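[1] Give me a model of this one.
(chains A and B)
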2 protein chains.
Amino acid sequence: MLRLLTSVIQQNLQQQPPPPARPRLFGTASTETLLMCSTWSMLNLDLLVPTNNWGNEGVGEVTEVGHQVKSLKPGDWVIPKDAGLGTWRTAAVFSEDDLISVPNDIPLLAAATLGVNPCTAYRMLADFENLQAGDTVIQNAANSGVGQAVIQIAAARGISTINVVRDRPEFTELSDRLMAIGATHVIKEETLRKPEMKELFKTCPRPKLALNGVGGKSATELLRHLQVEGTMVTYGGMAKQPVTVPVSALIFKNLKVRGFWVTQWKRTQSYDGCAFRNMLDDLCSLIKQKKLTAPVCNKVHIGEYHKALCAAVQPFTSAKNVLIM
Amino acid sequence: MLRLLTSVIQQNLQQQPPPPARPRLFGTASTETLLMCSTWSMLNLDLLVPTNNWGNEGVGEVTEVGHQVKSLKPGDWVIPKDAGLGTWRTAAVFSEDDLISVPNDIPLLAAATLGVNPCTAYRMLADFENLQAGDTVIQNAANSGVGQAVIQIAAARGISTINVVRDRPEFTELSDRLMAIGATHVIKEETLRKPEMKELFKTCPRPKLALNGVGGKSATELLRHLQVEGTMVTYGGMAKQPVTVPVSALIFKNLKVRGFWVTQWKRTQSYDGCAFRNMLDDLCSLIKQKKLTAPVCNKVHIGEYHKALCAAVQPFTSAKNVLIM
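    All right, here's what the predicted structure looks like:
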């Protein structure tokens, strides 16, 4: 028996505000936004009634366990192992195998937001290039949940980050906030096409790894700045445009273009679970050292979930909306 | 001291004939065409005078060796280890390290065309996916030198090939010719977008590997037919359009988009050379078993090299032009 403590609605990474007549709803994770846009785009926000499989993320406290349960005990905090468990509820009964424990002495919002974005960031930094202290990573959507986790995990390992965000009225405040959590450089999309990049690469090596949550032109620009033999990993496509790769970048620069989906990774790993356990231990260790913090969150009581949904579809939102039970 | 026997001018893989006022010249290999188009596009074909570093491919016979030379002796046949050695000449003196031997009892044209296209085909089949007998490979530009080598090497290993060519007046003849050297299926570009593909995949599994020598729409269509977690390798871009990859193909299908350039591969391998030697041994063994033949070639005397250049820039050429010394 589980008491759900939170559920997470991630900020929307859309490049453009949705047209008013066809509100784009939902955004528990950016992937989910992609998956559900077509399904939900004709619905009226006010008619939306959550069902019990809504919500991929959240943290709960174990209140009772069956006598055969070995790995969990009352008082433990747990997060879902897989997507689609349904975290928009106050209590539930789940199989032991559906859950994985996290320390119950880390901040509630850090635990609530741990399972998707920090895991995505962690794996993309670990599984594609052999990054060492002193190396550089470039990413767009740097103020997203994944982006903020990338900045912090990379900083903890001495890896420089070049963080690309769209221009906006409060660019300086956003830049300051990302620098404060460990960003090496914060630049606007248009800077990627300017000679300033040459100056920037006098202070750090060209990136081995590019992380793309946007697609379209933004992705192509990231590719241009990669080292020979570098990799670009796409984990989101909020510009709703494909990734366009010059043939010369593949043949002569030997760049590698890959994709990552944390839900699939968790399913592939589920046969033993060691890699997932080890990753959560690493991430929670960073949280305890205050090297990894939850992104900026708005807490919203579950009874007011409409407010959270409205907030999630606003353009340029930098805060994640978390339902508190 | 070396007597050069042949030099190769590869057929031009251009999608469209060049505009008459700006003839696109040259084509010793498709990569070279890409590299040189910008440099040479304003030149008049009649003014072209070859220099002694022209020509990447060809075979020569060793006529004399210095007393410190261990690996070669008079009578041996050799091909260049690296691009840019200059094979448009009748005789030359090279360092032992610039050359690698091939058996002198294989057909002259097979030796002359061995170093670039069959090596490209061999490595792309070997280095990106773990292909087993029964697996499928899909490729465009299937009638190119690389394409013909892919068909034959794959057939020798029991790997099915789906071979895509542009529609043309003599499609049936071309298809028959490719089937005769081992192609499993030969289809037109437009078939890639038709329901016929579903029927085709009842006869063989979806491809693990796609080989792209074209770029643009053709490449995107190849990607669509790949298995989950499959790889597309780009080795040419004769459509002069980038490779466009849907974000969902990267994230949800986990496709890998890579590039290959045999010249770079040879340079990277040069520290020991075992891999190059082993590959040539494998390829020559296939040649001796008549499982790998030279592509269709036009022999042109070196004195008439203008004729060969003219032939190489014609659209829909399926023959390689080889200079005979």
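
[2] Pull out the buried positions in the host helix or strand of A:K307.
    According to DSSP states H and E, A:K307 maps onto helix A:305-312. Of the residues in helix A:305-312, A:305, A:308-309, A:311-312 count as buried by neighbour count, 16 or more other CB atoms under 10 Å in any protein chain shown. (Glycine included, C-beta is placed from N, CA and C.)

[3] tell me the contacts of the nearest residue to A:G86 once chain neighbours are set aside?
    Distance criterion CB to CB, 6 or more residues apart in numbering or on different chains; nearest residue to A:G86, sequence neighbours excluded, is A:N53 at 4.2 Å. Contact analysis of A:N53 by CB atoms under 8 Å, 6 or more residues apart in numbering or on different chains lists A:84-86.

[4] now, among the residues you listed, which is nearest to A:I181?
    Using CB to CB, A:L85 comes nearest to A:I181 of the contacts of A:N53, at 29.0 Å.

[5] Skipping adjacent residues, who's closest to that closest one in space?
    Using CB to CB, 6+ apart, the nearest residue to A:L85 is A:D98, at 6.0 Å.

[6] Dihedrals phi and psi, the one you found?
    Backbone torsions for A:D98, taken as degrees, to the nearest 10, come to phi -80, psi -10.

[7] do you know how far it is from chain B?
    22 Å (CB to the nearest CB, to the nearest Å).

[8] re the thing from before, the residue nearest to A:G86 in helix, strand or coil?
    coil (DSSP: H, G, I helix; E, B strand; the rest coil).

[9] What residues does chain A have near chain B?
    A:31, A:34, A:215, A:234-237, A:242-261, A:264 (CB under 8 Å from any CB of the partner chain).

[10] Please narrow these to those residing in strands.
    Secondary structure assignment by DSSP state E places A:234, A:243-245, A:256-259 of the residues of chain A next to chain B in strands.

[11] what's the following helix or strand after the helix or strand of chain A with the lowest mean pLDDT?
    When each helix and strand of chain A is scored by mean pLDDT, DSSP states H and E, helix A:30-40 comes last, with a mean of 30. Counting by DSSP H and E, the next helix or strand C-terminal to helix A:30-40 is strand A:60-62.

[12] what's the average pLDDT for that following strand?
    Mean per-residue pLDDT for strand A:60-62: 91.

[13] And stretch A:177-196, by the same measure?
    Rounded mean pLDDT across stretch A:177-196 is 96.

[14] Contacts for that stretch, please.
    A:136, A:140, A:142-143, A:148, A:151-152, A:154-156, A:160-167, A:171, A:174-175, A:197, A:200, A:203-204, A:218, A:221-222, A:224-225, A:291, A:293, A:296, A:318.

[15] and what of stretch A:118-134?
    A:135, A:137, A:146-147, A:149-150, A:153-154, A:157-160, A:205, A:208-209, A:211, A:230-231, A:233, A:235, A:256, A:258, A:260, A:262, A:265-266, A:279-280, A:282-283, A:292.

[16] Just give me how far whichever helix in chain A runs longest sits from the chain centre.
    Scanning chain A for the helix with the most residues, using DSSP state H, yields helix A:274-288. Helix A:274-288 sits 16 Å away from the centroid of its parent chain (CA atoms, centre = their mean, to the nearest Å).

[17] returning to what we had before: B:R3: which of the ones in strands among the residues of chain A next to chain B is nearest?
    A:K256 (42.6 Å).
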